[in-house]
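Visitor: Got a predicted structure plus its sequence, pasted below:
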Amino acid sequence: MFAEPGSAEGSEQAAAQLLEAQLQTMAVCLVTGAHVGMHVVAPERVANWLAAMPALLSRLQAAPGDASVKDILEQAQLCHLPAVCHTLFTSGTYRELDAPLQRRGVTGQLVAQLAPAVSRLAVLLSLPPERRPPGITWAAARPLAALFTVLPLNGAVEQWLGQASSSQLVALLAGAAQLVAQLPAEQWPEGLPAAADEHAATATTLCLCLGMLGQKAAFPRAARALGSAQRKRLAPTLLAAVAQLPGVLQLMAAGLGLPAAPQQHNSDVLRIKSAASGQGVSLAVSSVSSLTALLQGWFDDDASSNPDGQPQPVPLLRGIGDALPWARAATAALRCGPALAAIDRRLDQLPGGRPPLSPGDVPSWGVLEQLLLLTARVVTAVSACADAATLPLPPGCPPLAELRAVVWSLHTAGCRFIHWAAADGWCRLVHHPPLVRSVLRVLNESIKAQFDLHTVEQDNERHGSSSGSRAGSGGGSGGGGAGGGGSSVIPRKLARTCKELEATCAAHWPAVQALAAACNLQQIVGVPGCSKLAISLAVCMGKGPVQLSTDADLPCMFEGMLGLVPRTPSTRSTHYSLVFLAAELAPRLAALLVTSGRSEAMPRELQGIDPTQLASVRMPPGDFISPAWRITADALCLEVVELISRAGLPPATIEALRTPAIALGELLVQHPGARAAQVRRKQLPLMKELLKLLQQVWELPEQQEAARLETAQAAATRACAYLRCANVGGGGGPAAGQGSGSSRCSACRVAWYCGESRSHADWRGPTGHRKSCKALAAAKAARRRAAVVDKRMLLMAAAGAGILLLGVRSGQTLATRMRNGKDEAELAYRASQLGIPGVGAPVRPIINKQTLQADALVVQAPDGRQFTVTVDPQAPSRLLLQDTASRSVYALQTKVDRVNINNSLAMRLLFGDEQWVGQLRQLRVAALSRAAAVEGNIVSQLQDPAERAQQAERLISLTEAAAESGHLAVVVASGGLLSLLLQTAAELARSSEDDAPQQACELLDGLGCLVEFLANATSSAVDNATETGMPDSLAAKLKQAARALRQQRQQVLAGLGSDASLADRADQLWHLVQPAADAVTLLHQWLKLPGTIKQQQLVASQAAAARSCAYLRCANVAGQGGPAAGQGVGSMRCSACHAVWYCGTACSHADWRAGHKRMCELLAAERQAAKAARAAGAAAQAAKLQ
């Protein structure tokens, strides 16, 4: 039957069935013969039969047939034929058939027939088990993949690769990579033999197949077929295979030393001997280096076309949109370390000893070195893409948050790898400098990429996504950022808004310390590495927790890395750019460097240098040192301001800090462009004195406690809060709660750990979680309380402005939350607190002390006029200026898309030039908002005079309602609405309409009542100081504000007289705007007190108790009865307080969870008090009657 395979005459279906039967029978015969050591069939007949097989399969596949025929042929090609060939070419019993088959060209025909089967099998195995054709299982993957690794077919495989087209080559490599990427590395698929050794053997074979194919594909004749387009198509599949390597290698390590599963032979399942041999695992591990060499070779090919010789991963990684798969693969490459170490140790424990390595084979640590080298090159390319990224991102690019998460995962894996390598000892870091350089490069480039992506997002928030520009973060861009000599640098603590970047910096420094303890970094990293490491340390100081700034080892290492930069003229540009970048990112580090004498030596070293060699700092050599010192001086002054603004410092310490800080600030204002000699003679002594005082304050116990809490909060942002975690093989995301198998601290419920051992290690550490656990819990509770208060205040404002506005555009949101304080506004506010004279001139911001944001500016014109400035809400590119004397409004068009009045430098440059006065254009609308707490659509709506005239009646009703409602009075008086109401009254007073004077009179009367009510509300708040727990200082301020508001109101009324016109009344009432705003600011503070909030909640609960169902979200639309309490059919009363009624048990339980449980006791107490008062009144009445 084996002479002519499939020679039965008849239909194609009969031929296909006969072929399938022949293949199954041949497989059983060959396996049996291999086990008994003899031929069951004649070798000549086997050779003839196998020689005719490829042609027959091709003929049947080309012939038309139904689906059943195709399924039979597909199963024969994917399962039966590979099983026959696997036994034939791997068993020593049939070795004598190799030469005849090669002479007849059978091996080449078999490779050509089986090569397409690899990609087809990968596609079918990607389907769910229930959708796969019969017989297509993972058991068929091993024999098929093994055929491309056996020695008898080696020449045929190389010949086919050299002759294959680009599409055939891509399909074969992609199929092998897809099989590795899809291999279930955690458990054997259901429905297949559960023997662990078979699973491990399959993983070994697939890995070996992919590695050997990758090695063969790197041959010159095969590599020519893989052009740029083919590499671009093939790269994602290869990267997915690399991402699966940690699990595959771990599976191979687990399979080493396992006994072989008992062999069973039947017609349904063909069991191939699957004991994972040490030789096979060793070869598979070595083949991984071939895969990394293939990818690195593509990088080298792309770099060879670059005239500078620098790696340019194009088209493999052409932009930020391609970064995700590469970064994930790089992270997986780092996680391969423990698996490779486990394989290496188990190879030593084999009964026969470690299998010898053949020439050209790579040991496990060599494979790890290759993986880290590839990872370092990928991270460098990703960092370059992040540095060039702008917003909006290109179409099809993943979200920025996802990119940041992947880069964060990459840095986390790098830190864990270092701690694992330092503790495990298998890597032998001291003996492998390339390994150290690669992992350090991974750390430095990933933190730089994280910083760049954070900068992109931060600039987007400031300037809008329409402008894609941002400040660079590299060495050159760092210098260019202050090239003008007068730009203010945002301090580290004020600019930090990214918790992920802070957590990255917190983990970076311990990893660098562990690496420095394991080897001598200064001898290993070299000049490029020391520059990158210095930049990463500066980022840690500038964007990390404060505790990093107090570690004396960090600035010492930074200075040591700078010392490795050669002091030649060609490298001094890089050297001083690093110093300047440190000054820009890390003010404390820059201060230490300046006072240590390094900056004093810069002018001497810069003498005689060609200015073109300092192009990266973008300034002449003689002017370079002045802005660097100015940045440091600004940083020291702002650090003093921040310390003074905190509570707890002794008055003597505050005064000692203020004196040199004010003197230094005056020098900065008086001599903004001082030369180096002036700075060194006048400013440097003050800076040294101030730094000495600051160091004493930083060492105070309360300051160290706050710094420790900040570090603990940054660590709690990570998937494992233990900063020295060595779980490099751990999966999951990098953020808290995302790690695989992570658990949370049972005490604080804030910090997460990837295992119990890491939790215990962090608890036992000298600066560990034990010292910050209670503080983390308290900080979490405080944040929750603050969030509840802010949300309630927001809802109260929205209710007052949205519901009580009597239908004025009520369909739109009429109250918006003020944004958090911007950096420049906080700088201006703190500078005013410090008391530095002349700061901000000629621009003075009006700061909202709650938001620390400038709501408006006060500018002085050259002709003496004073203007109040805000941004036009209708056109963010222009400013609105109101003359404080005449109340006239002007517009000033700028050249930017969106004006930021909190940018103090830009505003000083704008209004410092006298030409802006001639560019003013007068408007008829006074739409200015000073110290605004609520800014709604009603404000922008009423900027149209016609709209104000149409809404006059509703505005009159609004003022009447505000005069009776405390919350609405606060809303009206604290925003721009009060100014618009006055403007509306003035316009109505001058209008010629018949009913305009009456409307103006009613509106002015309402505003007068509103101011009087606001004064009474302020006094009432003082009267309730005891009940609400108001501090004495706030009570005194409220009392003074009420008195000032009444006095100003009396002066206005006295100045008007009895015969004042409506226009004069409208103009004079403008003097009440600022006192009302001051009173409202204090009332906001009173409304946020816990006692006040409890009173408001009690009032709301008493109002709800008057309803038939106190649950305000009751959905019982079918309920019957009256609307008042106790009138509902089937209603029931709360059994605890007996003060509220519900229409059913469901509403009672829902209201209890919604908030009644917090007010139940208070309602009961109020009810008992009212009951006692009624009883006392009845007793008194009865006594009178007697």
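Guide: On my side now, so go ahead. Residues are numbered from 1 along each chain as shown.

Visitor: Give the buried residues for the strand ranked longest in the chain.
Guide: The residue-count maximum for a strand in the chain (DSSP state E) belongs to strand 853-860. For strand 853-860, burial by neighbour count (16 or more other C-beta atoms under 10 Å) applies to 853-859. Every residue, glycine included, has its C-beta placed from N, CA and C.

Visitor: Could I get the full set of strands for this protein?
Guide: 743-744, 752-753, 843-848, 853-860, 866-871, 878-883, 889-893, 921-923, 1132-1133, 1141-1142.

Visitor: The fifth one pairs with which strands, and in what direction?
Guide: Yep, that's strand 866-871 we're talking about. Sheet pairing for strand 866-871, assigned by DSSP bridges, gives strand 853-860 (antiparallel), strand 878-883 (antiparallel).

Visitor: among the strands of the chain, where is the model least confident on average?
Guide: Out of the strands of the chain, strand 843-848 stands lowest, with a mean of 68 (criterion: mean pLDDT).

Visitor: Look up how far residue 701 lies from residue 654.
Guide: For residue 654, the distance to residue 701 (C-beta to C-beta, to the nearest Å) stands at 17 Å.

Visitor: if you count what's nearby, which of those two comes out ahead?
Guide: residue 654 (14 against 7; other C-beta atoms under 10 Å).

Visitor: What residue spans form the domains of the chain?
Guide: 1-104, 106-258+275-305, 721-779, 782-818+936-1088, 836-931, 1107-1115+1122-1185 (automatic domain parsing).

Visitor: Reformat those as CSV; add distance to residue 386.
Guide: Listed next are the domains of the chain as CSV, based on distance: least, C-beta to C-beta, whole Å:
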stretch, distance to residue 386
domain 1-104, 43
domain 106-258+275-305, 18
domain 721-779, 16
domain 782-818+936-1088, 31
domain 836-931, 25
domain 1107-1115+1122-1185, 46
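
Visitor: of all those, which lies closest to residue 448?
Guide: Smallest distance to residue 448 across these (C-beta to C-beta): 16.7 Å, for domain 721-779.

Visitor: What is the end-to-end distance of the closest one?
Guide: Domain 721-779 stretches 16 Å from its first residue to its last (C-alpha to C-alpha, to the nearest Å).

Visitor: Repeat that for stretch 421-432.
Guide: Using C-alpha to C-alpha, the end-to-end distance of stretch 421-432 comes to 12 Å.

Visitor: Mean confidence (pLDDT) on it, please.
Guide: Per-residue scores along stretch 421-432 average to 76.

Visitor: Quick one: the helices in the stretch 751-900 of the chain, in order.
Guide: For the stretch 751-900 of the chain, helices defined by DSSP state H, counting those that start in this stretch occupy the ranges 756-764, 773-802, 823-834.

Visitor: Mind checking the pLDDT average for the longest one?
Guide: So that's helix 773-802. pLDDT averaged over helix 773-802 gives 58.

Visitor: now swap in the last one and tell me
Guide: Taken as a whole, helix 823-834 has an average pLDDT of 39.

Visitor: quick check, nearest of the buried residues of strand 853-860 to residue 1039?
Guide: For the buried residues of strand 853-860, the nearest to residue 1039 is residue 855 (25.1 Å; C-beta to C-beta).

Visitor: The closest one touches residue 871, doesn't it?
Guide: No. Look at residue 855 against residue 871 with C-beta atoms under 8 Å: they stay out of range, at 10.2 Å.

Visitor: Would you mark the buried spots in stretch 1124-1139?
Guide: By 16+ other C-beta under 10 Å, the buried positions in stretch 1124-1139 come out as 1125, 1128, 1131, 1133-1134, 1137, 1139.

Visitor: Quick one: residues in contact with it.
Guide: 1105-1110, 1119-1122, 1140-1145, 1148, 1156, 1160-1161, 1163-1164, 1166-1167 (C-beta atoms under 8 Å, 6 or more residues apart in numbering).

Visitor: Could you save the buried residues of strand 853-860 as CSV and add columns showing distance to residue 895?
Guide: Shown next, in CSV, are the buried residues of strand 853-860 (distance: C-beta to C-beta, whole Å):
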residue, distance to residue 895
853, 23
854, 21
855, 23
856, 21
857, 18
858, 23
859, 18
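
Visitor: Pull the most distant pair out of those residues.
Guide: 853 and 859 (17.6 Å).

Visitor: Now do the same contact list for residue 50.
Guide: Residue 50 touches 84-85, 88, 101, 106, 110, counting by C-beta under 8 Å, 6+ apart.

Visitor: Try it again at 10 Å.
Guide: The contact partners of residue 50, by C-beta atoms under 10 Å, 6 or more residues apart in numbering, come to 2, 5, 26, 81, 84-85, 88, 97, 100-101, 104, 106-107, 109-110.

Visitor: try residue 1111
Guide: Contacts for residue 1111 (C-beta under 10 Å, 6+ apart) come out as 1104, 1140-1144, 1146-1152, 1154, 1156.

Visitor: In PyMOL, how would I select just the buried ones from those?
Guide: Buried members of the contacts of residue 1111, defined by 16+ other C-beta under 10 Å, are picked up in PyMOL with:
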select buried, resi 1104+1140+1141+1142+1143+1144+1147+1148+1150+1151+1152+1156
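
Visitor: Inside helices: which ones of the contacts of residue 1111?
Guide: Mapping those onto helices (DSSP state H) picks out 1104, 1146-1151.

Visitor: Show the pLDDT at residue 415.
Guide: Looking at residue 415, its pLDDT is 92.

Visitor: In this model residue 510 seems to touch it, though I could be wrong.
Guide: Yes. Counting by C-beta atoms under 10 Å, residue 510 is a contact partner of residue 415 at 7.4 Å.

Visitor: filter the contacts of residue 50 to the buried ones?
Guide: In the contacts of residue 50, burial by neighbour count holds for 2, 5, 26, 81, 84-85, 88, 97, 100-101, 106-107, 109-110, counting by 16+ other C-beta under 10 Å.

Visitor: still on that earlier bit, redo the strands paired with strand 866-871 as CSV? Include distance to residue 1005.
Guide: CSV is the format used below for the strands paired with strand 866-871 (distance: least, C-beta to C-beta, whole Å):
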stretch, distance to residue 1005
strand 853-860, 28
strand 878-883, 25
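
Visitor: nearest to residue 1042, of the ones you listed?
Guide: The closest of those to residue 1042 is strand 853-860. By C-beta to C-beta, the value is 22.8 Å.

Visitor: Tell me where the stretch 901-1050 of the chain has helices.
Guide: Under DSSP H, counting those that start in this stretch, the stretch 901-1050 of the chain gives helices at 904-912, 937-941, 945-950, 952-962, 966-974, 977-990, 996-1023, 1025-1028, 1032-1056.

Visitor: Which of these comes out lowest on mean pLDDT?
Guide: The bottom spot among those, by mean pLDDT, belongs to helix 937-941, with a mean of 39.

Visitor: Give the buried residues for stretch 773-781.
Guide: Under 16+ other C-beta under 10 Å, the buried positions of stretch 773-781 are 773, 775-776, 779.

Visitor: Burial check on residue 697, number of neighbours?
Guide: Residue 697: 17 surrounding residues under other C-beta under 10 Å.

Visitor: Enumerate every residue touching it.
Guide: Taking C-beta under 10 Å, 6+ apart, we find residue 697 in contact with 639-640, 643, 649, 653-654, 656-657, 703.
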